[in-house]
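1. using only what follows, build the 3D model:
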Amino acid sequence: MKKYILQLGLAVIFMTSFQVFAQEYATHAVKEGETLQSISQQYRVTPYSILQANKEIKSASDVKPNTILVIPLKGPIVQKEKPKEEEQEEIKPLGFTRHRVRRKETLFGLTQKYEITEEQLKRYNRDLYSEPLKKGMVLQIPKFPETDPADERELDFETYTVQPKETRWSIAHKYGISVDSLLVLNPDLSKTSNYLAAGQELKLPRPKGDSLKEQQVDLFTSYTVPPKMTLYSLGKEYGVPSDSIVKLNPEIMKQGGLKEGMVIRLPKKRDNTGVVNTDNFIFYEVKPKQNIFRLTQNLKISREELFRLNPDLENGLKAGMVLKLPKEKAAGLQVKNALVLDRVNLVDSINVENKPKLVFMLPFRLDRVEVNNKEKTESQIKTRRDMALSLGFYSGALVALDSIKKMGVSVDVKTYDTELSQAKVKEILFRENLQGVNAIIGPIASGALSEVAVVAAAKNIPVIAPVASDSQLSHSNVFFSVPKEEILREKMLSYVKKIHKNENVIIIADSTHQVAHDSILSKFPAAQIAKIIDNKSLHLDQFLLKLSETKENWVFLETDQPNMISSVTSILNSAITEDVKVRMFTTSYNNNAYEDDAVSNTHLSNLRFTYPSFYRETGNDFFTRAYEKRYNGLSPDRYAVRGFDVTYDILLKLAHKNNLFETSKIIGQTEYTGNSFDYINDWSSGYFNRACYIMEYDSLQIKEVKLDDLKSNL
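-> Sure thing, here's the model as predicted:
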């Protein structure tokens, strides 16, 4: 068995270059009142160098609140001239406290923790002007006198309580900010999932009209104070804190409080019609360089309706904006977790600077192979499914590695033989360092998979299950590449329901397929139930009476017994006449049973046998040709196809964005030689593939039922 390991030095080069980048650049979220000039002075660089590093910013006027800027720390440094007035009014610290920087801490987090500004932090830790925050740094934290709680800086933010069925996108839309800005304001939010709990509190900028720095005339209304009105009641009615009302109307304090008949200014009441959540809307995040025309085309919505739902568009389209769309639009768009996904061509979207680090853990069983005994080795591979699966899967994975290498992406690969032993897996995990690994493919056995998933989760590493659809234990970092049985069943029943007119439906199900029996009956309440003798064969006379001569008969066969499949398909074929038409379906396809030698492919073809599958038959595509070239004319089997598709999918996603969790948020369904992948995140349980096919026997060939075929049948 030949292992395939690319140059390890490439990963070292990548890590070195990443560290250099981290030392030369920082990011800055623009706050209210900040300008290009003030930001350049804060980082002691020129405004021109900031504009050069942010090509989307054309001029100083484009620097708006919540914009994320890249700051070139090694750019031309300018000396900050401090006005004399500022020198006179500068507040001196009462003292200092020491803080040792921990892993994942940020400047923003420290300023929030110690209630100081970033400039105050850098003033007493001048190294931060020229280099980023690092783990282990010891900082001097200035202590200042307590400020007035009604300080204007604090009034620019509010605490928001998450409501049921709200998402990050719906809240970002409500406050007119990007999701990235939401994460900057709330650094404690998870970076690996989009989960928000009802009742969770978030820090958000106050909507326009509430912040004192947004005192535009068209956002305010005059209000005459009625009898017995209090600041608290007024603030509650208008959704404005009492201290904001006082700031907007200084005469309240001058006259000793709110008085009857007083005319004051208040922000216009917020429009609360149509709660912005996933029950009422879907959401789209604007990407750089997009325009209104292209958006209306992609989102299948008119310009007028788009502007009506999103009035902020009148001020211009900006990258990062979150737009809301009618819920009914979801039917024609690719939507995931209420977010409309752009169709990304991964092959055209790779970044060669990403250098994924991949680990394979498969049971090659090299401990049992006698390399010098060719006949015995071939016999073992034929009789042992774990060996055949692992070797076939890995042979396809090698072709995927060849393909991604030709695109200019360097991959660091390590491969381990788990020997189908959980003890061996523990030994590998104890011995090897998984630091920097981007994904682990395998193991196959459920116990070993759980062992790896637990260790990998602690390092935030995704684990891809090659042939598993679920696990008895919950693992939030596992990608189950095979769809669950209920996904396949629902796909099949939805298809049959759509094409069903008045056909006569009959269910044949043994006792081990009661769930399938009940699911079919729920979709087709008028279906007839065939009687089964000893859970093995049909009660022939009673069954034949159920066949209709005036309607086409659609028979669902639910069993894993090859002999029963052989018997039923033979009976159904014999029943076909000029008057009696029969078609056969199943919702629980078992390839080992239906591909058994006892089952006639001719019978299946005559019955136009239709079934759900997580894979499809392959043709003479680029993978097949590459495989045959690499292995001297040998054609790929099903395991090899799966090995290529799973590995190629993971590599392309990591080459697009070197974080599989992040990529899964923005990439919808992908499709390759024989498999499709459309992972849905079930938060605590993992990522589950819901992509599958409908396959049909036709003229002794197995063909995929395309969407166009479905439309033609309707």
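2. so what's the closest residue to residue 320 other than its chain neighbours up against?
-> Leaving out its chain neighbours, the residue that sits closest to residue 320 by CB to CB, 6 or more residues apart in numbering is residue 178, at 3.0 Å. Using the backbone N, CA and C atoms, a C-beta is placed for each residue, glycine as well. Each residue near residue 178 by CB atoms under 8 Å, 6 or more residues apart in numbering is listed here: 66, 68, 172, 285, 319-322.
3. apply 7 Å and report the result again.
-> Shown in contact with residue 178 (CB atoms under 7 Å, 6 or more residues apart in numbering): 66, 172, 320-322.
4. in strands, which of those appear?
-> Taking DSSP state E as the definition of strands, the contacts of residue 178 contribute residue 322.
5. and residue 99, that's in a strand?
-> Yes. Counting by DSSP: H, G, I helix; E, B strand; the rest coil, residue 99 is found in a strand.
6. could you number the chain from 10 rather than 1 from now on?
-> Sure, I'll start numbering at 10, so the last one becomes residue 108.
7. count the neighbours of it for me.
-> Other residues near residue 108 come to 17 when the count uses other CB atoms under 10 Å.
8. how about the residue lying farthest from the centre of the chain, nearest residue that isn't a chain neighbour?
-> Distance from the centre of the chain peaks at residue 264, with 55.9 Å (CA atoms, centre = their mean). Computed as CB to CB, 6+ apart, the closest residue to residue 264 that is not its neighbour in sequence is residue 271, at 7.2 Å.
9. residue 273 too?
-> residue 258 is the one closest to residue 273 (CB to CB, 6+ apart), at 4.3 Å.
10. looking at the residue farthest from the centre of the chain now. What's its pLDDT?
-> Among the per-residue scores, residue 264 holds a pLDDT of 82.
11. how close does it get to residue 272?
-> 12 Å (CB to CB, to the nearest Å).
12. which strands or helices does the one helix or strand residue 129 maps to pack on?
-> Per DSSP states H and E: residue 129 is located in helix 127-132. Helix 127-132 is packed against helix 116-123, with contacts defined by 3 or more CB pairs under 7 Å, 6 or more residues apart in numbering; DSSP states H and E.
13. alpha carbons only: can I get the helix it packs on in PDB?
-> Taking C-alpha atoms only, helix 116-123 is exported to PDB below (Å, rounded to 0.1, in the frame of the first residue of the first chain):
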ATOM      1  CA  LEU A 116      -7.800  44.900  21.400                       C
ATOM      2  CA  PHE A 117     -11.500  45.400  21.100                       C
ATOM      3  CA  GLY A 118     -12.200  42.900  23.900                       C
ATOM      4  CA  LEU A 119      -9.600  44.500  26.200                       C
ATOM      5  CA  THR A 120     -11.100  48.000  25.700                       C
ATOM      6  CA  GLN A 121     -14.500  46.600  26.500                       C
ATOM      7  CA  LYS A 122     -13.300  44.700  29.600                       C
ATOM      8  CA  TYR A 123     -11.400  47.600  31.100                       C
END
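14. distance from it to the middle of the chain?
-> In terms of CA atoms, centre = their mean, to the nearest Å, the centre of helix 116-123 is found 29 Å from the chain centre.
15. buried residues, it. List them.
-> 116-117, 119, 123 (16 or more other CB atoms under 10 Å).
16. same check on stretch 596-609?
-> Buried, per 16+ other CB under 10 Å, within stretch 596-609: 596-598, 602-603, 608.
17. and which of those is nearest residue 348?
-> Nearest to residue 348, judged by CB to CB, of the buried residues of stretch 596-609 is residue 596 at 30.4 Å.
18. any idea how far residue 388 is from the residue farthest from the centre of the chain?
-> For residue 264 relative to residue 388 (CB to CB), the value is 98 Å.
19. how about residue 290?
-> 61 Å.
20. mind checking which of those two has more residues around it?
-> Neighbours were counted for residue 290 and for residue 388 using other CB under 10 Å; residue 290 has more, 22 against 11.
21. for the more buried one, which non-adjacent residue is spatially closest?
-> Closest to residue 290 by CB to CB, 6+ apart is residue 333, at 4.3 Å.
22. what about that neighbour, which SS state?
-> strand.
23. to what extent is it buried, counted in neighbours?
-> By other CB under 10 Å, neighbour count at residue 333 equals 21.
24. show me the contacts for it.
-> So residue 333 contacts 182, 285, 290, 292, 318-319 (CB under 7 Å, 6+ apart).
25. kindly reformat those residues as CSV and extend each row with distance to residue 53 and secondary structure.
-> As requested, the contacts of residue 333 are exported to CSV (distance: CB to CB, whole Å; DSSP: H, G, I helix; E, B strand; the rest coil):
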residue, distance to residue 53, secondary structure
182, 36, helix
285, 41, coil
290, 44, strand
292, 39, strand
318, 43, helix
319, 39, coil
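26. can I get those in a markdown table with pLDDT and distance to residue 659?
-> Output for these, formatted as a markdown table (pLDDT from 0 to 100; distance: CB to CB, whole Å):
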| residue | pLDDT | distance to residue 659 |
| --- | --- | --- |
| 182 | 80 | 32 |
| 285 | 77 | 35 |
| 290 | 86 | 32 |
| 292 | 87 | 27 |
| 318 | 85 | 37 |
| 319 | 85 | 36 |
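27. can you redo the contacts of residue 187 as JSON lines with distance to residue 434 and neighbour count?
-> Listed next are the contacts of residue 187 as JSON lines, based on distance: CB to CB, whole Å; neighbours: other CB atoms under 10 Å:
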{"residue": "75", "distance to residue 434": "46", "neighbour count": "21"}
{"residue": "181", "distance to residue 434": "42", "neighbour count": "23"}
{"residue": "329", "distance to residue 434": "43", "neighbour count": "17"}
{"residue": "330", "distance to residue 434": "47", "neighbour count": "21"}
{"residue": "331", "distance to residue 434": "43", "neighbour count": "26"}
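28. was I right to think the residue nearest to residue 273 contacts residue 272?
-> No. Using CB atoms under 7 Å, residue 258 is not in contact with residue 272; the gap is 9.2 Å.
29. which one of these two is surrounded by more residues?
-> The neighbour comparison of residue 258 against residue 272 (other CB under 10 Å) goes to residue 258, with 19 against 10.
30. any idea how far the more buried one lies from residue 264?
-> In terms of CB to CB, residue 258 sits 10 Å off from residue 264.
31. so residue 330 is in contact with residue 295, correct?
-> Yes. If you go by CB under 7 Å, residue 330 and residue 295 touch, sitting 4.4 Å apart.
32. which residues are in contact with stretch 197-212?
-> Against stretch 197-212 from outside (CB under 7 Å, 6+ apart): 166, 168-173, 175-177, 180, 192, 194-195, 346, 469, 670, 674, 690, 692.
33. I appreciate the help and will end here.
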